[in-house]
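**Student:** Attaching a predicted model along with its sequence, questions to come.
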Amino acid sequence: MLKLAILGFLHDRPMHGYELRRHLAALTGHVRPISDGTLYPAIKRLEAGGLLVRETEPGSAAAPRHTLHLTPAGRAALLERLGAPEQLDISDENRWFTVLAFLRHLDDPGRQATVLRRRLAFLEEPASFFYDDTRPLRAEEITDPFRSGILTIARATSQAELAWLSDTLAALDAA
C-alpha cells in the first residue's frame, strides 16, 4: 500500500521526501507508522522502476531539496492499481482506505463504481470476528462484553459505509 500511497500523493503534486512522509503519516501513520528506513528505499525502488523522478531545486535555506515527481509510467501504474485493486485491497479496511483516498484519480465514473461495487459485495457477505464452527456470530449472541463491543462497533461502521456506498454509487451511476 505504500507504493500506492506514494504514487497517489505524487499524482496530486510533486513533493519532497519529508513532505511526502507527513502526508503518508496522516493517511496511515496511526495504523502503520512509516519510518525513513521504509519510505526512502520504497522511493528508490519506484525511481529505479521509472515511476518517479527526483529533481533538485533550490531550497529555502542553503541546501537544495530533492522534489519527487510522478512520471507518465508512474501515473499509468497508479491508475492500473486503482482500476483493478487486489482482493486484499478491497477486504482489508486500512488498504481499502488507501485505495479510497486516491480513487478520484480514475476519471471514469464507471470504473470508480466497479471498484465500489467490489467493496459493497465484500461488505454484504456474512462475516464476523467470531464463529460457532463455520457460522458467524452476531453481537447479541456473545456474552463477553468486549467481544460483543467489537461486533457492535464493526456493525455500526459497516452500516455507515454501506449507506455511503449506496449514495456514492447512485451519484456515479447518474453521471
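**Tutor:** Okay, I see it. Numbers count the residues shown, from 1 in each chain.

**Student:** tell me the strands in the chain, going along the chain?
**Tutor:** Ranges of strands in the chain, per DSSP state E, are 15-16, 52-57, 65-70, 131-132, 135-136.

**Student:** Please, where are all the helices along this protein?
**Tutor:** Using DSSP state H, the helices found in the chain span residues 2-12, 17-24, 36-48, 72-83, 87-91, 93-102, 109-124, 145-174.

**Student:** quick one: buried residues of the first one?
**Tutor:** The one in question is helix 2-12. Within helix 2-12, the residues that qualify as buried are 2-11, counting by 16 or more other Cβ atoms under 10 Å. Placement of C-beta: from N, CA and C, glycine included.

**Student:** That one vs strand 52-57, what angle?
**Tutor:** Orientation check (axes from the mean of the first three to the mean of the last three Cα atoms, to 10 degrees): helix 2-12 against strand 52-57 gives 50 degrees.

**Student:** Now do helix 2-12 against helix 93-102, angle only.
**Tutor:** Here the directions of helix 2-12 and helix 93-102 differ by 20 degrees (the same axes, to 10 degrees).

**Student:** got it, and the second one?
**Tutor:** Between the axis of helix 17-24 and that of helix 93-102 there is an angle of 110 degrees, by the same axes, to 10 degrees.

**Student:** how far out from the middle of the chain is helix 17-24?
**Tutor:** 16 Å (Cα atoms, centre = their mean, to the nearest Å).

**Student:** Other residues contacting that helix?
**Tutor:** The contact list for helix 17-24, computed with Cβ atoms under 8 Å, 6 or more residues apart in numbering, reads 2, 5-6, 9-10, 15, 34, 36, 39-40, 43, 66, 68.

**Student:** how about 7 Å then?
**Tutor:** The contact list for helix 17-24 (Cβ atoms under 7 Å, 6 or more residues apart in numbering) reads 5-6, 9, 34, 39-40, 43, 66, 68.

**Student:** tell me which of the buried residues of helix 2-12 is nearest to Thr28?
**Tutor:** The nearest member of the buried residues of helix 2-12 to Thr28, counting by Cβ to Cβ, is Ala5 at 6.7 Å.

**Student:** Cheers, nothing more for now.
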